[in-house]
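Engineer: One predicted model, sequence on top.
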Amino acid sequence: MLDPGRRKDTIAAVATPQGTGGVGIVRISGAQSRDIALALFQSAAPEFSGPTPYRLHYGRFLDADGNVIDEGLLAYMPGPKSFTGEDVVELNCHGGRAVTAAILESALARGARLADKGEFTLRAFLNGRMDLTQAEAVAELIHAPSRAAMHLARTRLSGALGKRIEELRERLESMRKELCVAVDFPEEDVDCLPPETIAATSAEVRRKLDDLVAAFERTKAWREGALVVLAGLVNAGKSSLMNALVGHDRAIVTDTPGTTRDYLEEPLSLGGMTIRLADTAGLRDAGDAVERAGIERSRDLMEQADLILYVVDASETITDEDVDAAVQLPPNKTIVVLNKYDLPEAQPPAFKVFKRFMFDFVKVSVKSGRNMDKLTAMMEKRLGAGQGQPDP
């Protein structure tokens, strides 16, 4: 938590990402923000006597010695109607690192303190401009990997989640007060809540809390990106499948078993959802410590996965290793991908083995691209992608 003494400081920071861009923004927040901005800003308008709130003013930004740094725009937003609830000034300049750094340095030389990480949002929370769920939603919106994730973050930023939590808290608080009165003043003619009312209210609040937790888990893949793991025995075609899904040669493909010794991860957009596609080391009795470590990591990723694509070479006879691996796979998050099914030597028994274990499976040819559309459609269905924006 921010030290109470530091809360009174006027703070400043570059509000745009590091790097080179067309526009950069230096933000100042606090009681002295207007004075600091006026000290480093020289308006191009001769009649300028001070910034008009919520309007842009064109002029030049000066360093501590009065030298011109850049030309740009100044916006002044007095508190409490600002992001932080304090007086806020935003200085819009060209987006070079040297430019934004020089303007920030000028603001610090005139009395501002460099803002701590996340301090603007923290001040908005401390000043009652947003609740904790909204403060967290700011970070979620900034890092949203997809439009659906943006939708979820915007919904939380609007205060919808905080309002639902507050309503539940008020119901419990009301029940607590009535119980306290009945217990503390037994001699008074105060009706205590009937046990059935207490039980019913508690059960309803718990059910709604469970619904909120379930919604959080349901939308986790949309917020963070779903983890899809490619698993299977060596030389089943996992790396080839990864290359086909991402549309370029990301993984090395050879006929030598054990080529993939560590996992590779690549982002993929599927039905509006961001996918983290991981190609893992082939499952087998490893020959050395490095490969054993890679296989152990593969198993860890399979446990964390939102979806497992278990790749089988359908042109080879199904082995006991495949069957043993299938027994350990969770059918509710596994799709068996029978690769090379179009070859003359494809083994029909392979289909029956995995069907017996109640797995969804799809026959594909990664090399020719046949049925890859069926695979992606099945992935979308399992992950809930391609169904519009999720309910928060």
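Structural biologist: Looks like it came in fine.

Engineer: Would you quantify the distance from Phe361 to Leu179?
Structural biologist: To Leu179, Phe361 is 56 Å away according to CB to CB, to the nearest Å. (C-beta placed from N, C-alpha, C; glycine too.)

Engineer: neighbour count winner among the two?
Structural biologist: Phe361 (21 against 13; other CB atoms under 10 Å).

Engineer: Would you mark the buried spots in the helix or strand that contains that one?
Structural biologist: Element membership for Phe361 (DSSP states H and E) is strand 360-364. Neighbour-count burial for strand 360-364, counted by 16 or more other CB atoms under 10 Å, picks out 361-364.

Engineer: hmm, who's touching the following helix or strand past that strand?
Structural biologist: Per DSSP H and E, the first helix or strand lying C-terminal to strand 360-364 is helix 372-383. Residues outside helix 372-383 that contact it (CB atoms under 8 Å, 6 or more residues apart in numbering): 221, 226, 228, 244-245, 270-271, 273, 275, 306-307, 309, 333, 335, 337, 360, 362, 364, 366, 385-387.

Engineer: And Pro78, how far from Asp9?
Structural biologist: 18 Å.

Engineer: who's more crowded, these two?
Structural biologist: Legend: neighbour count by other CB under 10 Å for Pro78 and Asp9, higher for Asp9 (19 against 15).

Engineer: For the more buried one, list the residues it contacts.
Structural biologist: When contacts are taken as CB under 8 Å, 6+ apart, Asp9 is in contact with 30, 112-113.

Engineer: Make CSV out of those and add secondary structure and neighbour count.
Structural biologist: Output for the contacts of Asp9, formatted as CSV (DSSP: H, G, I helix; E, B strand; the rest coil; neighbours: other CB atoms under 10 Å):
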residue, secondary structure, neighbour count
Gly30, coil, 24
Ala112, coil, 25
Arg113, strand, 15
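
Engineer: Tell me the gap between the host helix or strand of Leu73 and the middle of its chain.
Structural biologist: Using DSSP H and E, Leu73 maps to strand 68-77. Strand 68-77 has its C-alpha centroid displaced from the chain centroid by 33 Å (CA atoms, centre = their mean, to the nearest Å).

Engineer: Which positions within that strand qualify as buried?
Structural biologist: Buried-residue list, strand 68-77, by 16+ other CB under 10 Å: 69-70, 72-77.

Engineer: rewinding a little: list the pairing partners of the strand holding Phe361 within its sheet, with orientation.
Structural biologist: When pairing is defined by DSSP bridges, strand 360-364 lines up against strand 334-339 (parallel).

Engineer: Identify all contacting residues around the partner strand.
Structural biologist: By CB under 8 Å, 6+ apart, the list of residues contacting strand 334-339 reads 236-237, 240-241, 307-314, 326, 350-351, 354, 359-366, 375, 378-379, 382.

Engineer: quick check: angle from that strand to helix 372-383?
Structural biologist: Angle of strand 334-339 versus helix 372-383, following axes from the mean of the first three to the mean of the last three CA atoms, to 10 degrees, is 170 degrees.

Engineer: Let's see strand 334-339 as CSV, backbone CA atoms only.
Structural biologist: C-alpha atoms of strand 334-339 as CSV (Å, rounded to 0.1, in the frame of the first residue of the first chain):
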residue,chain,number,x,y,z
THR,A,334,-8.5,-34.6,-25.3
ILE,A,335,-8.9,-34.9,-29.0
VAL,A,336,-7.1,-37.8,-30.6
VAL,A,337,-5.6,-36.8,-34.0
LEU,A,338,-5.1,-39.8,-36.2
ASN,A,339,-2.4,-38.6,-38.6
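
Engineer: tell me the mean pLDDT over it?
Structural biologist: If you average the pLDDT over strand 334-339, you get 87.

Engineer: Distance from it to the middle of the chain?
Structural biologist: Using CA atoms, centre = their mean, the offset of strand 334-339 from its chain centre is 28 Å.

Engineer: go on, stretch 57-66?
Structural biologist: The mean C-alpha position of stretch 57-66 is separated from the chain mean by 38 Å, CA atoms, centre = their mean.

Engineer: Report the buried residues of that stretch.
Structural biologist: Using 16+ other CB under 10 Å as the test for burial, stretch 57-66 gives 57, 59-62.

Engineer: And the average pLDDT for it is what?
Structural biologist: 95.

Engineer: contacting residues around that stretch?
Structural biologist: Contact with stretch 57-66 is made by 40-45, 48, 51, 68-76, 91, 93, 102-103, 105-106, 109-110, as judged by CB under 8 Å, 6+ apart.
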